[in-house]
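**Q** just to be clear, the model below is a prediction. Sequence and coordinates:
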Amino acid sequence: MSDESQSRPRGQDFESSLDKSDKTVAAFEHTSKGLMDHIQKALHGNPTLVPVIVLVMSVIVFGFIAGDRFFSAFNLTLIMQQVSIIGLLAAAQSLIILTAGIDLSVAAIMVLMSVVMGNLAVSFGVPTFFALIIGFAGGGAAGFLNGLMVTRLKLPPFIVTLGTWNIFYALNLWLSGAQSIRSQDIDANAGALKFFGEAFNIGSARITFGSILMIVVFFALWFLLNKTAWGRHVYAIGDDKEAAELAGIRTDRTLTQVYMLAGVVCAIAAWSSVGRIGSISPQAFYEGNLQSITAVVIGGISLFGGRGSILGALFGALIVGVFQSGLKLAGVDVLWQVFAVGWLIILAVSIDQWIRKVSA
């Protein structure tokens, strides 16, 4: 052994090699991040940024195409009115999708509860207040039924809500006799059912109470999901249900509560829908299920659950409303309006997959 090695303290050779190894690993892990990496990280941390950017760009583009007609206060508030019901359904749908489920029955619950409220108040003379309370309770019960089959019977949410969609729709036709309740009958017996169709003017803007209701519901649900332990549990279940159970979260109870709350939101939408269309029709909002899913997807809420902000669904509904209004003012046929929304859905899902893949 050489004099140099003998004079070196014990363990110094090992420490020296460890230092070199650390430097090698550090040098290997250091990679420069480009602009796209920073964009992906920003979008992953703030999923609502995507629909906000799309909404702003859509307003700018259609404002340029349609000019002052698009930017008029009347047109902008009209967009709010047009998306108010689908927005409320999207709020209910968001609750379910955040748990990695899906609800195909939201529109059926809404129409069924509007028929229940209308028949009680108009046909049977029940005071409007009690008719509304029964309608809200019925919406919660319908959601409870969905949640019970998902949690207790362990059935996929898609299958459960596909089945209850048909059940609720059949009940709707049975209770209504496939007949609408006319506007004048509502006015004569239960005018309060049309409250959310009433409006007030601010300049040339016409703002309905239904539009205000939609915004209030979204912000109330945002607070519930982001500022309470229950909301954190909802996100945890959507991200990984098994891990949430191991963490002590009562996942089945929370899931059932989510479906019940979604049902109550659908009942609120039922009340608002009476004011929006002025009557109660068992055939109304037949495509509301798909339109609510469209708003949620475009709003940046992941279909895989656990990621996204419920406010994104509000922006998603507004994006669809802006597209439809802008294309209509531009003279584009309704067929191509639907075509454009279809591409929006595909683009939104593609962006979500892109963000998830990179963040992984």
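**A** That came through fine. Computed from a prediction, not measured in an experiment: that's the story for all the values here.
**Q** what residue is smack in the middle of this structure?
**A** residue 94 (3.2 Å; Cα atoms, centre = their mean).
**Q** shouldn't that one be in contact with residue 310?
**A** Yes: with contact defined as Cβ atoms under 8 Å, residue 94 and residue 310 form a contacting pair (4.7 Å). Yep, even glycine has a C-beta here, placed from its N, CA and C like the rest.
**Q** quickly list what's touching both of these two.
**A** Common contact partners of residue 94 and residue 310 (Cβ atoms under 8 Å, 6 or more residues apart in numbering): 221, 301.
**Q** I'd say residue 164 and residue 108 touch.
**A** Yes: the pair residue 164 and residue 108 qualifies as a contact (Cβ under 8 Å) at a distance of 7.4 Å.
**Q** who has more neighbours, these two?
**A** residue 108 (26 against 21; other Cβ atoms under 10 Å).
**Q** that one in helix, strand or coil?
**A** Here residue 108 is recorded as helix under DSSP: H, G, I helix; E, B strand; the rest coil.
**Q** ok, it - contacts?
**A** 164-165, 168-169, 172, 289.
**Q** hmm, 7 Å instead?
**A** Shown in contact with residue 108 (Cβ atoms under 7 Å, 6 or more residues apart in numbering): 165, 168-169, 172.
**Q** check residue 102 too.
**A** Neighbour list for residue 102: 96, 157-158, 161 [criterion: Cβ under 7 Å, 6+ apart].
**Q** which of the residues you listed are buried? Put it as a ChimeraX command.
**A** Applying 16 or more other Cβ atoms under 10 Å to the contacts of residue 102, the buried members can be selected in ChimeraX as follows:
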select :96,157,161
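**Q** how about JSON lines for the contacts of residue 102, with pLDDT and secondary structure added?
**A** What follows is these, written out as JSON lines (pLDDT from 0 to 100; DSSP: H, G, I helix; E, B strand; the rest coil):
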{"residue": "96", "pLDDT": "97", "secondary structure": "helix"}
{"residue": "157", "pLDDT": "96", "secondary structure": "helix"}
{"residue": "158", "pLDDT": "95", "secondary structure": "helix"}
{"residue": "161", "pLDDT": "97", "secondary structure": "helix"}
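**Q** what's the farthest-apart pair in the contacts of residue 102?
**A** 96 and 158 (10.5 Å; Cβ to Cβ).
**Q** for the stretch 151-300 of the chain, what spans make up the helices?
**A** 157-176, 183-189, 209-226, 229-239, 241-246, 251-277, 288-298 (DSSP state H, counting those that start in this stretch).
**Q** residue 69: which of these is closest?
**A** Comparing the helices of the stretch 151-300 of the chain under Cβ to Cβ, the one sitting nearest is helix 209-226, at 20.0 Å.
**Q** let me know which of the helices of the stretch 151-300 of the chain is the nearest to residue 76.
**A** When the helices of the stretch 151-300 of the chain are compared for distance to residue 76 using Cβ to Cβ, the nearest one is helix 209-226, at 10.8 Å.
**Q** per-residue confidence averaged over that closest one?
**A** On average, the pLDDT along helix 209-226 is 96.
**Q** what of stretch 257-268?
**A** For stretch 257-268, the mean confidence score works out to 98.
**Q** same check on stretch 275-294?
**A** For stretch 275-294, the per-residue pLDDT averages 90.
**Q** now the terminal residues of it, how far apart.
**A** End-to-end span of stretch 275-294 (Cα to Cα, to the nearest Å): 24 Å.
**Q** give the buried residues for that stretch.
**A** 275-277, 279-282, 284-285, 288-289, 291-294.
**Q** any chance of the contacts of residue 108 in a markdown table, plus neighbour count?
**A** Output for these, formatted as a markdown table (neighbours: other Cβ atoms under 10 Å):
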| residue | neighbour count |
| --- | --- |
| 165 | 19 |
| 168 | 23 |
| 169 | 19 |
| 172 | 22 |
